[in-house]
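Visitor: Generate a structure from the sequence data that follows.
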Amino acid sequence: MVTVMTRAGFSNHCDGGSHYIFEHATGLRLSMSKTHPSGLLKPYQVKSAKDAIERTGAMEMNDVSQ
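Guide: A predicted model of the protein is given here:
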């Protein structure tokens, strides 16, 4: 998830706690719990990330697919 969000223009602010804070230049912020050690994301996490990326317009520019 960190890679996808970074490619979509978000910076990752993680201070060692249990959450990632992703922030976009547009001011949009997304807080997301770190995944279980297995690395599996929950459906609501994927939906939240997708919604945030769509709101910034990054999907329209195909930045995420590269």
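Visitor: All the helices of the chain, residue numbers only.
Guide: According to DSSP state H, the chain carries its helices in the segments 2-7, 43-56.
Visitor: Redo those helices as TSV? Include mean pLDDT, mean neighbour count and distance to Ile21.
Guide: Every C-beta, even on glycine, is put in place using the N, C-alpha and C of the backbone. Supplementary listing: the helices of the chain in TSV, determined by pLDDT from 0 to 100; neighbours: other C-beta atoms under 10 Å; distance: least, C-beta to C-beta, whole Å:
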stretch	mean pLDDT	mean neighbour count	distance to Ile21
helix 2-7	91	15	10
helix 43-56	93	14	12
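Visitor: Ser18: which of these is closest?
Guide: helix 43-56 (13.3 Å; C-beta to C-beta).
Visitor: Just the C-alpha atoms of the closest one, please, in CSV.
Guide: What follows is helix 43-56, C-alpha atoms only, in CSV (Å, rounded to 0.1, in the frame of the first residue of the first chain):
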residue,chain,number,x,y,z
PRO,A,43,-11.3,-4.5,1.9
TYR,A,44,-12.1,-1.2,3.6
GLN,A,45,-8.4,-0.3,3.5
VAL,A,46,-8.3,-0.9,-0.2
LYS,A,47,-11.5,1.1,-0.7
SER,A,48,-10.2,4.0,1.4
ALA,A,49,-7.0,4.2,-0.5
LYS,A,50,-8.7,3.9,-3.9
ASP,A,51,-11.2,6.7,-2.9
ALA,A,52,-8.3,9.0,-1.8
ILE,A,53,-6.4,8.4,-5.0
GLU,A,54,-9.4,9.1,-7.1
ARG,A,55,-10.1,12.3,-5.2
THR,A,56,-6.6,13.6,-6.0
